[in-house]
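Undergrad: turn this into a model:
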Amino acid sequence: MGLLDGIIGNVGAMLSGNQSQNPLGDVLGGLAGNNPRGGNSLLQIAFALLQQNGGLDGVLNKFRQGGMAEQADSWVSTGQNMGISAEQLQQIFGSPAMGNIASKLGMSEDQAGTAMSQVLPELINHLTPQGQVPENSNDMIAEGLDALTKSLGR
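TA: As a prediction, this is how the structure comes out:
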């Protein structure tokens, strides 16, 4: 679980202020303030979103079918990640899903959409370090979700 250890382990460092040019760290740190659990909750929800929508392949296909293939492909590639907006995220996953995420995070749908639109591309990027979806990506997502759930005591 080396890759997931790196992602999850870096969350603590990101939230403690060691965020040098790390967009995921900046997002998590900004949302969590001085509370690492807040960032972990956001990351946990991002992992769950992947799992509930068919894993990496399923989510990437949703974006491709929704007219955002270029963005989705950039997250997997080894190059620069293209951004998405909260509105684009809502277009792909729907308003009920975004409302559920907002409720779990205790924030407005706009705030949750903005946070997730920044975290999800970075998470996908971290889960595809070789520029392709690993064969064991569903296992990686399940292990990451399990580790975060345990770390949050849920």
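
Undergrad: ok, now how distant is residue 58 from residue 92?
TA: 11 Å (Cβ to Cβ, to the nearest Å). Bear in mind the C-beta positions are built from the backbone N, C-alpha and C, glycine included.

Undergrad: what of residue 64?
TA: Distance, residue 64 to residue 92, by Cβ to Cβ: 10 Å.

Undergrad: comparing these two, which residue is more hemmed in?
TA: Neighbours per residue (other Cβ atoms under 10 Å) separate residue 64 from residue 92, with residue 92 holding more: 20 against 14.

Undergrad: what helix or strand is that one on?
TA: For residue 92, the element it lies in under DSSP states H and E is helix 86-93.

Undergrad: now that helix: buried residues?
TA: Neighbour-count burial for helix 86-93 flags 86, 88, 89, 90, 91, 92, 93 (criterion: 16 or more other Cβ atoms under 10 Å).

Undergrad: closest to residue 79 out of those?
TA: Nearest to residue 79 among the buried residues of helix 86-93, counting by Cβ to Cβ, is residue 88 at 19.6 Å.

Undergrad: for residue 121, list the residues it contacts.
TA: Residue 121 is in contact with 71, 74, 75, 81, 82, 83, 84, counting by Cβ atoms under 8 Å, 6 or more residues apart in numbering.
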